[in-house]
Each structure stands twice: as C-alpha cells, then as structure tokens.
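> Build me a model:
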Amino acid sequence: MGVFCRFSQYGAVFCLALSFVGPTTFARALEKRAEPAVAPHISTFSIVAYDQESKEYGIAVQSKFFAVGSVVPFAEAGTGALATQAVGNPLFGPRALELFKEGVDAKAAIEKLLANDPSRESRQLGAVDTNGNPATFTGRDCLPWAGGKIGEHYTVQGNLLAGPQVLDAMAAAYESARGDLATRLVHAISAGQAAGGDARGRESAAVLVVKSGAGYLGLNDRLVDLHVEDHPTPIRELQRLLDIRHGQLAAAESKTYLRQLKRSSEAERTRLIRSARQASERAIAVNRASDLNWWLAAQTRLLDNDQEGALEAAQSALLLSPSWPRLPEATRTELGVSPALVAALREDDGFRRLWDALAVQRPVARESVINERAE
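Purely as a prediction, here's the structure:
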C-alpha cells in the first residue's frame, strides 16, 4: 500500500482505509470530499502499459503542470496501473487497484470510479488491469483537444493537446520502440512532445514502472520511479535520470554474477566473469559520472585479464572522486573496493603514484576555517 501514500496527507490516511471499505463507502467519501471551487487542470498526456514478458506495469506522463508525477500515476505489481488527469482525482488510484484485485477489468473499473462522480465530465483516465486489458475515458468537459486511444496492452490519453497527432505519435513510437518498458514509455511521451504535446508548453514529467520485488533491497515494487518537477525540457531530463537508473540496475546485475563466482565451478567461472564485465560496461555506458561504476569495471576487467582496461577504469574513478585513498580501508571494502583490488592495481607504477599523491590529506586553508566558524 506504500505506493498509494505518497500523493497527499489526505490521500495517505484515506488509502489505508480503502482496503477495508466497499464501493458504497468509497462513493460516500467522494461526495463528502469537497473539491476546490476551481480545480487545477492537470492538462497533460500520458501512456499506461503492461509488458507481458517482464510482467511490469508502467506509466509515463508529461505536463505543463508542476510535479505531475505526484498526482497522475498509480501502479502496483501484479495488479495494474491507472493515470488520473484533466481534473484528476488521486483517490481513484487506490480504489482502481483494489477493483483490479477483485477481478474487475479496466473498462468496468473506470465505470465504477465515475458512477457517482459529480465531476465525471471533467475527468480523464487511462488504465490497464491485471491481465493487461486497456481502457481510457475522456469527459466531455476536458479542455480541447482531448481524447484517448488504446492498443495492445496499453492506452494513451491527453487533454489540452496540440491535436490528435500527439496520441498517434505516442502510439506509433511505443509500438515500434525496443528495450525495457521504462525506455519504451519515455520514448512514447518524447514522440508525443515532438508532435506538439501539451498546447501550453512543458514543465514536469515522470515515469513509474513496477515489478514484484524489484525495488530497493527487494522490499518494494518500484523498479523505476523518477520525477522531474520543474524543467524547460522535462522529458530530456527524465531520460538522463533513467540512464542513471539503468546504470544502477546494470551494476546490480554485474554484482550478482560476481557473487556467484564464490560457489561456481571452473567451467562456469569464465562465463560469469564475462557476464559481470558486460553488465559493468553497460553501467558505464549510460552513466560515466559514477565512480562506483568505474570501480566495478576495474574489478571485472581485472578478473577478465584486462590489466590496462582495469587501470583506466580505476584512474577514472579516482579522478571523479579523489578522496578514495583517504577513506578507511574498511569503508572502501564496504563500498565494493577491496584491498585485493587496490593491491593489484598498485602494482602499476603510474597508478601507485597517483593513489599515493591523493592519499595525502590536504591542509584546510585558514580562511576556510574562519568562514566555517562564522557560519
């Protein structure tokens, strides 16, 4: 339920109660919850999709609306996903997911959400249910141009758009894109922006992809959960953040192979080392600014008998973060830079001299000390 509790203080309290109430109570709660006299329009375009192969559900969205990712997307692994926009209602997200768990399909779930909604004609929804069936709804009072269309296991929708070509471009881009679900979702909204996007301009964007046990330490389902709140080119920034996330995932994959080395046979060892190296090289390719990625590459290259490549990677790590030689050995080890790796690299005269030069604690300028005390 944690995914539901990040939208608003009111939403968090209400979400916890939703698991224990039925549709009638939900409808009454909606009626009692007074909306602002002038509700802010979340004029935007989004895509909601299900990947049959990976079993992932995802949403990507962009808007000329601050922090659109905090309001529009809802998803839960093994359950489904919903986007609520135009005059969006965050209460719809948790309820839609409960309906999906009850076996209600996307079209029927949207109908149930809107059945007793006085603002029905100002709503826009897109959903995929547990089985990946898509559905979309656009109320008559949504700001033009507004509409939606569905494809195989996905739906695109938008309001206050430059025109229907925005959705056509999104659908075409999504269907032809390759890669993981998050990449294809961001590719789709990028195409929508290229076709005109939100008629007012752009400000924020988000992508959410969920998969069972795919989050931090396997303790939640958020495989990708990225937000750009206020940016002149939010999709471009979102892609940059997604590259960093892909780097994290590739590094995690590489480390998994390295852990398997400890209990591998000699015949498996070469395959695992090559797999670990390939994953670490992918991590660098998408995020060259990570010193940890470079250290991982140094380790896998050394295991793969590429001494020169390992030295290059380790020097890159040091130049990005010169403090490594000054960290306690136990700290370096905990972060993945083992004494054995450092010792092997220090056999090279050039690396040893660089390491030793950086290991010297630099004196703090007296002026800096005085300024710190003044602050």
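> is it true that Tyr50 lies in a helix?
No: Tyr50: not assigned to a helix; according to DSSP: H, G, I helix; E, B strand; the rest coil it is strand.
> Please name the nearest non-neighbouring residue to it.
Gly132 (3.6 Å; C-beta to C-beta, 6 or more residues apart in numbering). (C-beta placed from N, C-alpha, C; glycine too.)
> Can you list phi and psi of the one you found for me?
phi 80, psi 10 (degrees, to the nearest 10).
> Measure how buried it is and give me the count.
Other residues near Gly132 come to 18 when the count uses other C-beta atoms under 10 Å.
> And the helices in the stretch 101-250 of the chain, which stretches?
Using DSSP state H, counting those that start in this stretch, the helices assigned to the stretch 101-250 of the chain run over residues 106-114, 165-176, 181-194, 234-261.
> Run the chain-centre distance for the first one.
Centroid separation for helix 106-114 versus its chain: 27 Å, with C-alpha atoms, centre = their mean, to the nearest Å.
> Please work out which residues outside that helix touch it.
Residues outside helix 106-114 that contact it (C-beta atoms under 8 Å, 6 or more residues apart in numbering) are 23, 80, 82, 92, 95-96, 99-100, 104, 120, 123, 125, 127-129, 133-137.
> same thing with stretch 280-297?
Taking C-beta under 8 Å, 6+ apart as the rule, stretch 280-297 contacts 243-244, 246-248, 250-251, 254-255, 277, 299-301, 309-310, 313-314, 316-318, 320-321, 324, 335-337, 341.
> Mind listing what's buried along it?
Residues 280-284, 286-287, 290-297 are the ones in stretch 280-297 that count as buried (16 or more other C-beta atoms under 10 Å).
> Likewise for stretch 178-195?
For stretch 178-195, by 16+ other C-beta under 10 Å, it's 180-193, 195.
> what's the burial count for Phe66?
Count around Phe66 with other C-beta under 10 Å applied: 12.
> and it, what does it touch?
Glu203, Ser204, Glu229, Asp230.
> Gln52: which of those residues is nearest?
Ser204 (29.6 Å; C-beta to C-beta).
> Any figure for the gap between the residue lying closest to that closest one once chain neighbours are set aside and Asp356?
Sequence neighbours aside, Val68 is the residue nearest to Ser204 in space, at 4.5 Å (criterion: C-beta to C-beta, 6+ apart). For Val68, the distance to Asp356 (C-beta to C-beta, to the nearest Å) stands at 50 Å.
> How about Glu268?
Taking C-beta to C-beta, one finds Glu268 at 38 Å from Asp356.
> on that earlier part again, closest to Val87 out of the helices of the stretch 101-250 of the chain?
From the helices of the stretch 101-250 of the chain, taking C-beta to C-beta, the stretch that ends up closest is helix 106-114, at 12.0 Å.
> pLDDT of the closest one, averaged?
The pLDDT scores in helix 106-114 average 98.
> Stretch 60-73 too?
Average pLDDT, stretch 60-73: 96.
> just how off-centre is it within its chain?
The answer for stretch 60-73 is 13 Å, by C-alpha atoms, centre = their mean.
> residues of that stretch that come out buried?
Going by neighbour count (16+ other C-beta under 10 Å), the buried part of stretch 60-73 is Ala60, Val61, Gln62, Ser63, Lys64, Phe65, Val68, Gly69, Ser70, Val71, Val72, Pro73.
> Same check on stretch 312-329?
Per 16+ other C-beta under 10 Å, stretch 312-329 contains these buried residues: Glu312, Ala313, Ala314, Gln315, Ser316, Ala317, Leu318, Leu320, Trp324, Pro325.
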